[in-house]
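my questions are about this predicted structure, shown below with the sequence.
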Amino acid sequence: MLINDIINQTLQDLQKKDYSNFNDSLTLISQAIQNVDKQIDNLESIDKILQYTPENNVLQLRLYRGLLLIVRNAAPTLDIEYFPRVITSFKQFLLLEETEWVDKTIQVFWEILANFKRNDYINQINSLFESTKIVETPLIHFLFRQFNSDESDLTNENLLKLLKIKENYVLNTIFNLYLGISDNHDSKMLLHLIYDIITHESFKKWIDSQKEEVQIKWLELTSVVIETNDDWDNFQLVGLLAWVVPIFLDYESKLNADTIKDERIEKYLLNSLHILAECSKYKAAIQFFEHEQLLKPLISLLKTIHENVKRVTMKSKIEEIVNYSSSKSYIIIILSYMAYQSHKNQELIRELGGLALVLSNCQIDENNPFIKEQAILCIKYLLEKNQKNQQFVAELEAKKTIDDEVLQEVGYKVDIVDGKVELKKKESN
């Protein structure tokens, strides 16, 4: 029996609500599903399936789901004009009240869409996501096929079109998918898709158009995702920093003694700092920071937090735990990378007051874990082959304003040469 005949007969039974041949129909549909590839050139009944909407009846839904499985297997070779027709049919089906077989049929709809070739029906896709039900596996495969970048240095046109949509239900779904993913192949696909989104050249314009709540959500997501990849290329870094740095600069300028307890500003700054710190290990990111003259606002922020956020020691009471946790650590990490083998940045950090601030943080602070170790490493990079920085530290040590232990940690000692205080490298044993 030809597949078109099976489809037409099943649809007639559905319209008449005649289930007398239910089992036989399921058997024929099963055979049709397996033989779609043999009759793919003559499936004019596909439209009839898509134009039909079943009632919320188990027998109807099981037969209708079987017909949709035929469409699913035909989708890879169907003309792309069928794609928006599937979306229209899907949206109509979503009006049915949720039941077990409705859910199973929704799964098949996503499998159909995931089997279609990449196409540019972006607005129709976004419209579908306004009311869709998340079904993780086929949904992630669908999104990956439609919006993943094959090469990061080439413009992803589908993602470009998607990011032009301000009321973006697709991105909202991707965000929600990430919150619930487990560690499997699908999660890796979703992560790579998120990499593409947050590094796309148009993401800045999109996120700039969003409310603060959405901006903070994507900053928080990015600050987590940034740690899952150790191989960001230059194009990705530039795309990412193009939107994170302006956010950092905007909210850094808003922080002062009066706004230090503003949780909204704290979320913006903490997440953007974390992202910048993670990126700072890459040379391209350091070049970006230098171009944006980031040292001055970084040191200004370090000063503001240092002066207005109480250091937490082991002796502190639990209720004294304060805000901006890890913020100073992030800044000192960035300063370390910028100072490393860069005489220009070493000088600028000192001139902006950063060297003294880093020295002031060479002590335990439970609110900024490992800050003492990070500050000592930063001092090491700031002093390396820099006579002015060494002299600056020597004079502070002579006044006993810094701990001798700090200098010993970075391999220096203070000497008096011709009545002048100098910092000397300790001889190795």
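Yes, it's here. Numbers count the residues shown, from 1 in each chain.

distance check, the residue positioned nearest the centre of the chain against F175.
Centroid-nearest residue in the chain, with CA atoms, centre = their mean: T222, separated by 3.5 Å. Applying CB to CB, to the nearest Å, the value for T222 to F175 is 11 Å. (C-beta placed from N, C-alpha, C; glycine too.)

ok, I333 next?
Applying CB to CB to I333 and F175 gives a distance of 27 Å.

same check on R264?
19 Å.

I260 too?
29 Å.

ok, E213 next?
For E213 relative to F175 (CB to CB), the value is 12 Å.

the two: who's more crowded?
Between E213 and F175, F175 has the larger neighbour count (other CB atoms under 10 Å), namely 17 against 8.

just the element for that one, please.
helix 169-180 (DSSP states H and E).

packing partners for that helix?
helix 122-128, helix 136-147, helix 185-199, helix 212-225 (3 or more CB pairs under 8 Å, 6 or more residues apart in numbering; DSSP states H and E).

as TSV, those helices with mean pLDDT and distance to C362 would be great.
Formatted as TSV, the helices and strands packed on helix 169-180 follow (pLDDT from 0 to 100; distance: least, CB to CB, whole Å):
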stretch	mean pLDDT	distance to C362
helix 122-128	96	52
helix 136-147	92	47
helix 185-199	93	34
helix 212-225	97	26
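
could I get the ones you listed as JSON lines with distance to Y82?
Shown next, in JSON lines, are those (distance: least, CB to CB, whole Å):
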{"stretch": "helix 122-128", "distance to Y82": "12"}
{"stretch": "helix 136-147", "distance to Y82": "15"}
{"stretch": "helix 185-199", "distance to Y82": "24"}
{"stretch": "helix 212-225", "distance to Y82": "33"}
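
and the ones you listed: which comes nearest L160?
Nearest to L160, of all the helices and strands packed on helix 169-180, is helix 122-128, at 9.2 Å by CB to CB.

how about residues contacting that closest one?
83-84, 87, 90-91, 146, 158, 161-162, 165, 167-170 (CB atoms under 8 Å, 6 or more residues apart in numbering).

mind listing what's buried in it?
122, 124-128 (16 or more other CB atoms under 10 Å).

what residues sit buried inside the helix ranked longest in the chain?
Assignment by DSSP state H gives helix 234-252 as the longest helix of the chain. Judged by neighbour count (16+ other CB under 10 Å), helix 234-252 contains these buried residues: 235-245, 247-248, 251-252.

and for N156, the neighbour number?
20.

ok, it touching T199?
No: distance between N156 and T199: 10.0 Å, which falls outside the contact criterion (CB atoms under 8 Å).

ends of stretch 156-168, what's the gap?
17 Å (CA to CA, to the nearest Å).

what does that stretch contact?
Against stretch 156-168 from outside (CB under 8 Å, 6+ apart): 118, 120, 122-123, 125-126, 146-149, 170-171, 196-197, 200-203, 205-206, 209-210.

what about that stretch, distance to the chain center?
Here stretch 156-168 shows a centroid-to-chain-centroid distance of 16 Å under the convention CA atoms, centre = their mean, to the nearest Å.
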